[in-house]
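Colleague: Take this sequence and fold it.
(one chain, ligands or ions: 1)
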Amino acid sequence: MSAPIYSGGMARFSIISPRRAVAVWLAIMAVLATSCSGNTDGLVGQDLFERTCAVCHGGGGEGSANRPALNQGSDAATLTDEQIRGVISVGPGAMPSFASRLSKEQVDSLIEYLRQLQAGSADED
Ligand code: HEC
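Modeller: Numbers count the residues shown, from 1 in each chain. Now for the predicted structure:
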């Protein structure tokens, strides 16, 4: 804290107080946390799947390493809508919970998209 950050004007405003610095830091971290978690506002169906699920389950729901496939012929195809809703909400095992991140409409749209993948009728790109 040797050089004043703001050199013009009144001396007492020349240095940011530690308390204020902490507040600014927290504000920056909050913004970063929001942007890193991926903003899913307004996304539905395929766009939402690609943004939030494909990183683990593959773009076409084909699965990867230890992440189960969700597409045609997969175990997930035998789950009911309610069971899938539960999985998305709870986040079993190594899957995160999306309960606080996705609206009911978004979850419905994901299930609808999964059903298209499972029927082989999804228009993937
Ligand atoms: C960080 C990786 C990851 C992300 C992101 C992820 N999942 Fe999962 N998912 C998993 C893992 C791992 C499992 C297996 C969990 C277990 O039972 O141990 C799983 C299981 C599932 C299952 C159950 C499959 C079965 O055969 O029982 C469904 C359905 C599912 N995920 C859907 C989704 C949807 C929809 C999204 C996006 C909202 C999503 N997942 C995001 C890792 C992920």
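
Colleague: next helix or strand past the helix or strand bottoming out on mean pLDDT in the chain?
Modeller: Of the helices and strands making up the chain, the lowest-confidence element is helix 18-36, at a mean of 61, by mean pLDDT, DSSP states H and E. Counting by DSSP states H and E, the next helix or strand C-terminal to helix 18-36 is helix 45-52.

Colleague: mind listing what's buried in the next helix or strand after that following helix?
Modeller: Remark: after helix 45-52, the chain's next helix or strand is helix 54-57, criterion DSSP H and E. For helix 54-57, the neighbour count (16 or more other Cβ atoms under 10 Å) marks 54, 56-57 as buried. The C-beta positions use only the backbone N, C-alpha and C, and glycine is treated the same way.

Colleague: Let me know the closest of the residues you listed to the ligand.
Modeller: The ligand has its nearest neighbour among the buried residues of helix 54-57 in Cys56, at 3.0 Å by Cβ to the nearest ligand atom.

Colleague: Contacts only, for the residue lying closest to the closest one once chain neighbours are set aside.
Modeller: Nearest non-adjacent residue to Cys56, counting by Cβ to Cβ, 6 or more residues apart in numbering: Arg67, 4.2 Å away. Applying Cβ atoms under 8 Å, 6 or more residues apart in numbering, we find Arg67 in contact with 56-58, 94-95.
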